[in-house]
Structures are given as structure tokens and as C-alpha cells.
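J.: sharing a sequence plus its predicted fold:
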Amino acid sequence: MSNGTTGSTDDWIEFVEYDLETHPRDGAKILAELEDGTRAQVIYHPGCLSFIGPAPAGVGGGANLKRWRYLNIP
């Protein structure tokens, strides 16, 4: 399994809060899957997800990241 520094746009990486090897790069654009199963495009900063566009309905600021992958944006 790839870690946060070598993941590709095809690899889903399980996010573990206290394991930095499972975190995306700071400022990276990712597809995030939240604990409730919602998926959204976000910009990752440690401790903060910034939604690209409007946040999905029903997702608040305290949404927890479950897994992620890098976005394939040219």
C-alpha cells in the first residue's frame, strides 16, 4: 500500500490521525471519503479540510476523514 507521499490517483489510503505516513501532503487536492461515506473534493491541511466548491449537504465543519486519494487535476 502506498503512503501519503507516494500515493497515486488510483490508490485509496486509509487516514489514521496519529500516523503521518497516512496523511496527504499539506495543500494537496484530494478526493476525501468521510466517516459517514460522503465523498468530496477538498484541499488538505493538517487538522483542516477545505472543500473545493460547496460542502456536500449535511456535512459540517467537524467532518472526519476516513480515507482519501489524490485528485488527478491537470
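T.: Perfect, I can see it now.
J.: show me which helix or strand of the chain is least confident by mean pLDDT.
T.: strand 48-51 (a mean of 90; mean pLDDT, DSSP states H and E).
J.: run the chain-centre distance for it.
T.: 9 Å (Cα atoms, centre = their mean, to the nearest Å).
J.: pull up the pairing partners for the helix or strand just after that strand, direction included.
T.: Next in sequence after strand 48-51, counting helices and strands by DSSP states H and E, comes strand 65-70. Strand 65-70 pairs in its sheet with strand 13-14 (antiparallel), strand 29-34 (antiparallel), by DSSP bridges.
J.: what's the burial count for the residue nearest to V59 when sequence neighbours are not counted?
T.: With Cβ to Cβ, 6 or more residues apart in numbering as the criterion, V59 has its nearest non-adjacent residue at 5.6 Å, and that residue is T38. All C-beta atoms are positioned from the backbone trio N, CA, C, and that covers glycine. By other Cβ atoms under 10 Å, 15 other residues sit near T38.
J.: low-confidence bits of the chain, can you list those?
T.: Residue ranges of the chain with pLDDT under 70: 1-9, 60-62, 73-74.
J.: contacting residues for D26?
T.: Y44, H45, P46 (Cβ atoms under 8 Å, 6 or more residues apart in numbering).
J.: same check, this time on S50
T.: Counted by Cβ under 8 Å, 6+ apart, S50 has contacts V42, I43.
J.: isn't there a helix covering E21?
T.: Yes. Membership of E21 in a helix is supported by DSSP: H, G, I helix; E, B strand; the rest coil.
J.: count the neighbours of it for me.
T.: Neighbours around E21, by other Cβ under 10 Å: 12.
J.: repeat that for D19.
T.: Around D19 there are 11 residues (other Cβ under 10 Å).
J.: next one: G47
T.: Neighbour tally, G47, other Cβ under 10 Å: 6.
J.: ok, it to H23 distance?
T.: 10 Å (Cβ to Cβ, to the nearest Å).
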